[in-house]
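Visitor: Okay, structure incoming, though there's no sequence with it:
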């Protein structure tokens, strides 16, 4: 998308997330703290970390600094157009890697959900994955479009809730990692074919 479209997408995101969140209420609370988008010029825009998504103005959207870890993620993951930084009720409680415990987790997020121990580990924690827990307890969620990134955030919360609650019952049963990887490959192939069809 061009720069102006990206700005409008960020400005309209608050109301979009609010409408979408109604369908996910039982999964836990997800608050989007920041939005970063790729533009056609291959620069990246990011919203202010100090303003709520619903109160953003154009002045609160800036070009992302090239030395930031978010810019590095965009540079390494060429298909990714949107990155969300979120604060999540259950994901913020996660202190260890979540194995593949849900089918949709394996398909959309990747074989597991990793916790980045520090900022330098964030990129590696997202290798073949679309979400990770950040060192400060926030989360990072990626998508080919902004709506994909938001679905990833909600699915991360659903997965985290299942993992936290299962611990009280003796732990969640993991899907075989090879099966989980195959699920993700099949989903991505199907998704990319659907995306081409809808162009």
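Guide: Received the coordinates, thanks. Small disclaimer: the values here were computed from a predicted structure and weren't measured.
Visitor: where's the residue nearest the centre of the chain, which helix or strand?
Guide: Taking Cα atoms, centre = their mean, the centroid of the chain lies closest to residue 141, which sits 1.2 Å from it. Assigned by DSSP states H and E, residue 141 belongs to strand 139-143.
Visitor: ok, back up a step: which residues does the residue nearest to the centre of the chain form a beta bridge with?
Guide: Using DSSP bridges, the beta-bridge partners of residue 141 come out as residue 84, residue 131.
Visitor: picking that back up, buried by neighbour count: which residues of whichever helix or strand comes after the strand holding residue 141 qualify?
Guide: Using DSSP H and E, the next helix or strand after strand 139-143 towards the C-terminus is helix 146-167. Buried positions in helix 146-167, judged by neighbour count with 16 or more other Cβ atoms under 10 Å: 146, 148-164. Every C-beta, even on glycine, is put in place using the N, C-alpha and C of the backbone.
Visitor: Okay, angle between the strand holding residue 141 and helix 146-167 too, please.
Guide: Here strand 139-143 runs at an angle of 140 degrees relative to helix 146-167 (axes from the mean of the first three to the mean of the last three Cα atoms, to 10 degrees).
Visitor: could we number from 45 for the rest of this?
Guide: I'll keep to 45 as the first residue from here, and by that count the last item is strand 183-187.
Visitor: Please name every helix or strand in contact with strand 183-187.
Guide: With contacts taken as 3 or more Cβ pairs under 8 Å, 6 or more residues apart in numbering; DSSP states H and E, strand 183-187 sits against strand 126-132, strand 175-177, helix 190-211.
Visitor: which residues sit against the last one?
Guide: So that's helix 190-211. For helix 190-211, contacts defined as Cβ atoms under 8 Å, 6 or more residues apart in numbering pick out 53, 57, 60-61, 64-65, 68, 71-74, 76, 79, 81, 125-128, 130, 132-135, 137-138, 142, 145-146, 148-149, 152-153, 157, 174-175, 183, 185-187, 216.
Visitor: Try it again at 7 Å.
Guide: Contact with helix 190-211 is made by 53, 57, 61, 64, 68, 71-72, 74, 81, 126-128, 130, 132-135, 137-138, 142, 145-146, 148-149, 152-153, 157, 174-175, 183, 185-187, 216, as judged by Cβ atoms under 7 Å, 6 or more residues apart in numbering.
Visitor: swap in stretch 46-53?
Guide: 45, 81, 83-85, 89, 102, 105, 190.
Visitor: Most neighbours out of those, which is it?
Guide: The most crowded member of those, judged by other Cβ atoms under 10 Å, is residue 81 (27 neighbours).
Visitor: part of a helix, is that residue?
Guide: No - secondary structure of residue 81 (DSSP: H, G, I helix; E, B strand; the rest coil): strand, not part of a helix.
Visitor: just so I have it, where are all the strands in this protein?
Guide: Here the chain has its strands, by DSSP state E, at 74-82, 88-91, 105-107, 126-132, 158-159, 175-177, 183-187.
Visitor: Could you list the low-pLDDT ranges of this protein?
Guide: Scanning the chain for pLDDT under 70 picks out the ranges 214-217, 219-220, 222, 224-227, 229-243.
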